[in-house]
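S.K.: Have a look; sequence and predicted model below, questions after that.
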Amino acid sequence: MSWQSYVDQQLVGTGNCAKAAIIGHDGNTWAISAGFKLSPQEGAALAGGFNNPMAIQGSGVMIGGTKYMTLRADNRSVYIKKGATGAACVKTNQSILIGWYDENIQPGQCSSTVERLADYLIDNGY
């Protein structure tokens, strides 16, 4: 399965993520859903947050030019929020999964979908 298939079928296709992306540990985009904006600089800053969670705890995270408040950050997961929107970001051995939710999706549905796919990829060496 291609990285784009994971985004389209396993994240957005579930209905639990409005938009999604998979980026490398360097922040470069591997796959992204239509209409989701994530610059290389934003990806790199998010990726750096997994190595230094305290850096994004106070400053937040930018995605698509919008600043999100960091709810949780550790070396595996980063959860961010702004109003009724937000994202669950989970690091695997080779990538970072980003599932974004809007006001029509419960945050817990989005985070469990992203975490579950991350567990699958980690279990399979990715």
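M.R.: Right, received. Where do you want to start? Numbers count the residues shown, from 1 in each chain.

S.K.: What are the boundaries of the helices in this structure?
M.R.: 3-5, 40-51, 53-59, 107-123 (DSSP state H).

S.K.: Lowest average pLDDT across those helices?
M.R.: Lowest mean pLDDT of those: helix 53-59, a mean of 92.

S.K.: okay, it in CSV with CA atoms only?
M.R.: Output of helix 53-59 as CSV, limited to C-alpha atoms (Å, rounded to 0.1, in the frame of the first residue of the first chain):
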residue,chain,number,x,y,z
PRO,A,53,8.3,18.3,23.4
MET,A,54,8.9,21.2,25.8
ALA,A,55,9.7,23.4,22.8
ILE,A,56,6.1,23.1,21.4
GLN,A,57,4.3,23.0,24.8
GLY,A,58,4.5,26.7,25.2
SER,A,59,4.8,27.9,21.7
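
S.K.: Which strands and helices lie in contact with that helix?
M.R.: Applying 3 or more C-beta pairs under 8 Å, 6 or more residues apart in numbering; DSSP states H and E, one finds that helix 53-59 makes contact with helix 40-51, strand 66-73. For the C-beta atoms, the positions are set from N, CA and C on the backbone; glycine is no exception.
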